[in-house]
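Trainee: my questions concern the predicted model and sequence given below.
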2 protein chains.
Amino acid sequence: MNIAVDAMGGDNAPKVVVQGAIKASDELGINIILVGDSEVISFELEGKEKRGLVSIYHCREAVLMDESPLKAIRNKKDSSIKVAFDLLKNGKADAVVSAGNSGAIMAAAILTLGKVEGVERPALACVIPGSAGEVILIDVGGNVDCRPAHLLQFGIMANAFATSCLGMKRPRVGILNIGEEAGKGNEQGRMAYELLKNSPLNFVGNVEGGEIFSGLAQIVVCDGFIGNVVLKLSEGLAASVSSRLEKSIRNYMTGKVLALLSHKFFKGFQKTLDYAEYGGAPILGIKGVGIICHGSSSAMAIKNAIKMAVDYVENDVERRLSEQIAGFHP
Amino acid sequence: MNIAVDAMGGDNAPKVVVQGAIKASDELGINIILVGDSEVISFELEGKEKRGLVSIYHCREAVLMDESPLKAIRNKKDSSIKVAFDLLKNGKADAVVSAGNSGAIMAAAILTLGKVEGVERPALACVIPGSAGEVILIDVGGNVDCRPAHLLQFGIMANAFATSCLGMKRPRVGILNIGEEAGKGNEQGRMAYELLKNSPLNFVGNVEGGEIFSGLAQIVVCDGFIGNVVLKLSEGLAASVSSRLEKSIRNYMTGKVLALLSHKFFKGFQKTLDYAEYGGAPILGIKGVGIICHGSSSAMAIKNAIKMAVDYVENDVERRLSEQIAGFHP
């Protein structure tokens, strides 16, 4: 299997991306194509062992993290993100992994590969470690002003992914809302509730903000606007709660005990909450496989995302997703 | 000053409500009218000292936490929430404080007292302890499907409250969005951005999910749907992060040290994060003063909310809010 990895994408690229790619290649025995400036990538590869399965595909440009996604993809034809998806399109790669500008990755994926038949809006699904197992939040990819039918499709696509890739049997699907009962919330939510209730999905109803990670639902469907806010808020809060608790423990405890609880422990703990460390987020509904990593991904997170790309390909998620979408809209 | 307190509202009513009311009366030297079933309230007051300033106003009914707000207020004319606002309307109370069904409190406030002239939608403002001082999130009161003009008014009303009641000079006002730049986000957000930018408010632009509590903005404006999700998610996460960290510290440390870090410590820490403990949330834009407390409020939280009601009255927030709304829509 060949995975195209955007070597120029992410806050710590290319260093940690290359490290993560080598790890993945070692552990999984797969071919990695590092896409980007060959000079800087070669420098990072220098002296690393087992380079056999890792190759470089040179391109001149890179999309910056704060660039306008659509403009960047249209103007920078030789950027690492665009070239990686071109490799996939041309059959030279089986999947793309990138920690770059997520809007640009979404745009490149959709423009280069196209959408699965019947899918109106591809969506980004984030797998989050909840308090009772994994929870998929969909969409976190910036699909704003969604129609209720889009939310239904998000549920179907996440269901296909969860059953084929995450080993969930018949995942509980909920819709993010501001009350427990049907009829609560905004118009979008009320209409999507009806569509989901009448679908073959294992629909469990409304999920309130405090219940997103509780396990009440394993798939939580929402508009990409609110999904993005939820994700960023969760990250921010996990870091801030953990650091405030550290401070308050340090004020509370004596000198000797303090030595036992290193700052590293707290940083480590924060990482366990951080979905970025957990792996990548798959773009569901495109013709092909694209995994987006957080910009601040560590080498471990990059490796985990590559592993997810491999699972996605091996479990034929695209075909299953396509069948489920077709089945629901005969 | 006379504050009408809904003695029947909240998960731990009437016990903690009565306790909080007595505390407030003691500390602030104000009259409290406990509204509700006189028999149960008398039982709670039994044996408490300094009852002089605390009186009971009897009514037969109470709105349940999960009752439909509008129906409850229309049908239960003798419920403690409705009666408390009637007392305010008739000049027998200067403000209402309730930890009951928040939808019903909003409905009773608006139906009984009416809206400040020019205000389209009264909104609930929650004051949250952020990492760099207080942050006001508005609306958290369930105004869904807001138009951009509503969001502008939320900003103006919160500005009036913050400057007159919280001692903020010229608070930084931001709008919750999914990108830093103007032009990002959904249609509602983009249009509200322009309105806020062209207002006399100290507008600082978009605030992303991870920055809500950072201090970037002191007032964060959003649709009531997302405001509710943000609030409940924050509460849930603070509790879950803190309890997971406690578990992981207990696994990490030795027996002796464990004794130093009691479970109580963690519960105490959680409380410092909990906006419920912090006080109440004022309903901005009604003709009168209504403060909503979290259903799980402690006696301390009830007392803090009563203190906020007193500040609101003494600082003449309603008049200032009314002037600012009128000034913006001449």
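Mentor: Structure's in. What do you need?
Trainee: now the stretch 1-150 of chain A against chain B: closest residue?
Mentor: Per C-beta to the nearest C-beta, A:Val144 is where the stretch 1-150 of chain A lies closest to chain B, at 3.8 Å. C-betas here are computed from N, CA, C, even on glycine.
Trainee: can you pull the pLDDT of the closest residue to that residue other than its chain neighbours?
Mentor: In space, and not counting its chain neighbours, A:Val144 is closest to B:Asn186: 3.8 Å by C-beta to C-beta, 6 or more residues apart in numbering or on different chains. pLDDT for B:Asn186: 88.
Trainee: what's the neighbour count on the residue of the stretch 1-150 of chain A closest to chain B?
Mentor: 20 (other C-beta atoms under 10 Å in any protein chain shown).
Trainee: so it touches B:Gln188, yeah?
Mentor: No. Using C-beta atoms under 8 Å, A:Val144 is not in contact with B:Gln188, being 9.1 Å away.
Trainee: now for the residue nearest to A:Val144: which residues touch it?
Mentor: Residues near B:Asn186 by C-beta atoms under 8 Å, 6 or more residues apart in numbering or on different chains: A:144-145, A:223, A:225.
Trainee: could you redo the last one with a cut-off of 10 Å?
Mentor: B:Asn186 makes contact with A:142-146, A:223-226, B:177-178, B:192, B:223, according to C-beta atoms under 10 Å, 6 or more residues apart in numbering or on different chains.
Trainee: what's the farthest-apart pair in the residues you listed?
Mentor: A:Asn143 and B:Ala192 (19.5 Å; C-beta to C-beta).
Trainee: higher neighbour count, those two?
Mentor: Ranked by neighbour count (other C-beta under 10 Å), A:Asn143 and B:Ala192 place B:Ala192 first, with 27 against 24.
Trainee: where does the more buried one sit: helix, strand or coil?
Mentor: helix (DSSP: H, G, I helix; E, B strand; the rest coil).
Trainee: for the stretch 201-330 of chain A, which segments count as helices?
Mentor: A:224-252, A:255-260, A:263-273, A:275-278, A:299-314, A:317-328 (DSSP state H, counting those that start in this stretch).
Trainee: for A:Val97, give me the pLDDT.
Mentor: pLDDT for A:Val97: 98.
Trainee: quick check on the residue nearest to A:Val144: phi, psi?
Mentor: Note on B:Asn186: its backbone torsions stand at phi -90, psi 180 [degrees, to the nearest 10].
Trainee: related to what we said a few turns ago, the contacts of B:Asn186, buried ones only, as a PyMOL selection?
Mentor: Per 16 or more other C-beta atoms under 10 Å in any protein chain shown, the buried members of those correspond to this PyMOL selection:
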select buried, (chain A and resi 142+143+144+146+223+224+225+226) or (chain B and resi 177+178+192+223)
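Trainee: present the contacts of B:Asn186 as a markdown table; the columns should include distance to B:Ile283.
Mentor: What follows is the contacts of B:Asn186, written out as a markdown table (distance: C-beta to C-beta, whole Å):
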| residue | distance to B:Ile283 |
| --- | --- |
| A:Gly142 | 33 |
| A:Asn143 | 33 |
| A:Val144 | 29 |
| A:Asp145 | 29 |
| A:Cys146 | 30 |
| A:Asp223 | 27 |
| A:Gly224 | 31 |
| A:Phe225 | 26 |
| A:Ile226 | 24 |
| B:Asn177 | 25 |
| B:Ile178 | 28 |
| B:Ala192 | 21 |
| B:Asp223 | 17 |
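Trainee: just the buried residues of the helix or strand hosting A:Leu88, please?
Mentor: In this structure, A:Leu88 is located in helix A:80-89 according to DSSP states H and E. For helix A:80-89, the neighbour count (16+ other C-beta under 10 Å) marks A:80-88 as buried.
Trainee: as a whole number, average confidence for it?
Mentor: Mean predicted confidence for helix A:80-89 is 98.
Trainee: what packs against the helix or strand just after that helix?
Mentor: Downstream of helix A:80-89, the next assigned helix or strand under DSSP H and E is strand A:95-98. Applying 3 or more C-beta pairs under 10 Å, 6 or more residues apart in numbering or on different chains; DSSP states H and E, we find strand A:95-98 packed against strand A:2-6, helix A:15-28, strand A:31-36, helix A:80-89, helix A:102-113, strand A:290-292, helix A:299-314.
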